[in-house]
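Student: this one's structure only:
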């Protein structure tokens, strides 16, 4: 329990303290009226504490002090003081309850504040503490009856213990209900907070996976095209006086690959990002030169399908047009269609292998072999001769392409290995058919 109370709690405590004080003073006045006649414990109803005149029973200094005051004023003053203790009931609930129960042996007028204190203990303290204090509150009246009547207890007198236990059970039960409800609300609040944190964590992880997927797709799509552009641009730079036919062919390759790079980029963005309803999609600049026409009335470009294994022939033609000496050998089971994920992953692996060969071993022959069978899976081999010292082009690269391919193959349930093999550099991968 926090030691700092909110303004609302302060207002509630003030109202409870004032109401308990009024009830305590009223009960003190009723006790004085009862004692105006002959005092007979058997004729006085007992509620939370045994009724006893001030100055009788335990002759404590407090009893003697109150007996010197005018009739009723001492008990009324003590009832007010006892009610004032309720102002600190939230901070020290058990202490306040024990003090009020002790004052009940001096005057029963503190019954109302004592009941409020019992409720506070049940609402704010553990069940064990509540049980001990509730037991202490429920025992005085039965003990008083046993001490007064002994074995000659009348049935009418047994009503007093029942009233006492009911008075104790009511605030204690109410307090336990409030405590359980607060614990339930706190538990639900904590669960909601944890759920929000878990949802936020999942969102961050999903965002991170999406970013990695975008980066992987961007690398696979653009690295191939840009490496072709770099090779052709380098050829033009070092052979500015080549035959016009050769220059025209190189320029055509550059233009076509620039156009294809933008088209591939549109396809990647279209697959990885679906625009919301009413949200305008960011347009990429159009490449100069002919390209696929957009149908009339179409607002956004058509999303290009993701590549599959059948697109390897087109990829080989583009590489040969750029001057690469490439041999492609495919063996695919007849009458069986390779699943899209396996085909797309195989295409990206071959594409990255050709890009690396073009970057690091320009002019070297490249051999690509792809075997796909439902029983054995998909085997991919990209082999090229190791480059001679200082012959690699200056095509920029971060060295993350093969790492991304290994991750892509692992996500598809396959494996990828690469490295020198004799005089060649070997990129080898295996994918399950049902990737």
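Tutor: Done, it's in. It should be emphasised that the depicted structure is a prediction, and the values quoted were computed from it without experimental measurement.
Student: what domains does the record give for this structure?
Tutor: For the chain, the structural domains run 7-195, 308-435, going by automatic domain parsing.
Student: Distance to residue 229 added to the ones you listed, as JSON lines?
Tutor: (Glycine included, C-beta is placed from N, CA and C.) JSON lines is the format used below for these (distance: least, CB to CB, whole Å):
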{"stretch": "domain 7-195", "distance to residue 229": "49"}
{"stretch": "domain 308-435", "distance to residue 229": "9"}
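Student: Show residues contacting the helix or strand encompassing residue 97.
Tutor: Counting by DSSP states H and E, the element that carries residue 97 is helix 93-103. Identification of contacts with helix 93-103 by CB atoms under 8 Å, 6 or more residues apart in numbering yields 78, 82, 85-86, 88-89, 110, 113-114, 117-118, 120-121, 123-125, 129, 133, 136-137.
Student: Report the buried members of the residues you listed.
Tutor: 78, 82, 85-86, 89, 110, 113-114, 117-118, 120-121, 123-125, 133, 137 (16 or more other CB atoms under 10 Å).
Student: just to revisit the earlier point, let me see the mean pLDDT of the helix holding residue 97.
Tutor: For helix 93-103, mean pLDDT is 87.
Student: Any buried residues in the strand or helix carrying residue 429, and which?
Tutor: Element membership of residue 429 [criterion: DSSP H and E] is strand 424-431. Residues 425, 427-431 are the ones in strand 424-431 that count as buried (16+ other CB under 10 Å).
Student: all helices in the stretch 151-300 of the chain, in order from the N-terminus.
Tutor: Using DSSP state H, counting those that start in this stretch, the helices of the stretch 151-300 of the chain run over 159-238, 244-272.
Student: Report all helices and strands that the last one contacts.
Tutor: Spelled out, that is helix 244-272. helix 159-238, helix 312-321 (3 or more CB pairs under 8 Å, 6 or more residues apart in numbering; DSSP states H and E).
Student: ditto for the longest one
Tutor: Contact analysis of helix 159-238 by 3+ CB pairs under 8 Å, 6+ apart lists helix 111-124, helix 127-138, helix 140-149, helix 244-272, helix 312-321, helix 340-360, helix 401-411 as its packing neighbours.
Student: so which of the ones you listed comes closest to residue 227?
Tutor: Across those, the minimum distance to residue 227, taken as CB to CB, is reached by helix 340-360, at 4.8 Å.
Student: For the helix or strand that the closest one is followed by, which residues meet the burial criterion?
Tutor: Following helix 340-360 in sequence order, the next helix or strand is strand 366-373 (DSSP H and E). Residues of strand 366-373 classed as buried: 366-372 (neighbour count, 16+ other CB under 10 Å).
Student: And stretch 100-109, by the same measure?
Tutor: 100-101, 103-109.
Student: which two of these lie the greatest distance from each other?
Tutor: Largest separation among these by CB to CB: 101 and 109, giving 13.4 Å.
Student: For residue 76, see how far away residue 433 is.
Tutor: 94 Å (CB to CB, to the nearest Å).
Student: what do you get for residue 406?
Tutor: Following CB to CB, the distance that separates residue 406 from residue 76 is 88 Å.
Student: Relative to residue 343, which of the buried residues of strand 366-373 is nearest.
Tutor: residue 372 (8.4 Å).
Student: can I assume the closest one is in contact with residue 331?
Tutor: Yes - applying CB atoms under 8 Å, one finds residue 372 in contact with residue 331, separated by 7.2 Å.
Student: Return the distance of the nearest residue to residue 260 once chain neighbours are set aside relative to residue 382.
Tutor: If the residues on either side of it in the chain are set aside, residue 260 comes closest to residue 225, at 5.9 Å by CB to CB, 6 or more residues apart in numbering. Using CB to CB, one gets 18 Å for the distance from residue 225 to residue 382.
Student: what element comes up after the helix or strand bottoming out on mean pLDDT in the chain heading to the C-terminus?
Tutor: Every helix and strand of the chain was ranked by mean pLDDT, DSSP states H and E. The lowest is helix 61-67, at a mean of 55. Counting by DSSP H and E, the next helix or strand C-terminal to helix 61-67 is helix 73-84.
Student: what distance separates that following helix from the centre of its chain?
Tutor: The chain centroid and the centroid of helix 73-84 are separated by 54 Å under CA atoms, centre = their mean, to the nearest Å.
Student: can you give me the mean pLDDT across it?
Tutor: For helix 73-84, mean pLDDT rounds to 76.
Student: tell me which residues in it are buried?
Tutor: For helix 73-84, a neighbour-count test (16+ other CB under 10 Å) marks 74-80, 82-83 as buried.
Student: export those to JSON lines and tack on distance to residue 257?
Tutor: Converted to JSON lines, those look like this (distance: CB to CB, whole Å):
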{"residue": "74", "distance to residue 257": "105"}
{"residue": "75", "distance to residue 257": "103"}
{"residue": "76", "distance to residue 257": "101"}
{"residue": "77", "distance to residue 257": "100"}
{"residue": "78", "distance to residue 257": "99"}
{"residue": "79", "distance to residue 257": "97"}
{"residue": "80", "distance to residue 257": "95"}
{"residue": "82", "distance to residue 257": "93"}
{"residue": "83", "distance to residue 257": "90"}
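Student: Residue 230: which of the residues you listed is nearest?
Tutor: Closest to residue 230 out of the buried residues of helix 73-84 is residue 83 (89.9 Å), distances taken as CB to CB.
Student: Identify the residue nearest the closest one in space, chain neighbours excluded?
Tutor: Spatial nearest neighbour of residue 83, chain neighbours left out: residue 21 (3.7 Å); criterion: CB to CB, 6+ apart.
Student: again, but for residue 223
Tutor: Nearest residue to residue 223 in three dimensions, chain neighbours excluded: residue 355, at 4.9 Å (CB to CB, 6+ apart).
Student: show me what contacts the nearest residue to residue 118 once chain neighbours are set aside?
Tutor: Nearest in space to residue 118, with sequence neighbours left out and distances taken as CB to CB, 6+ apart, is residue 171 at 4.5 Å. For residue 171, the contact set (CB under 8 Å, 6+ apart) comprises 115-116, 118-119, 122.
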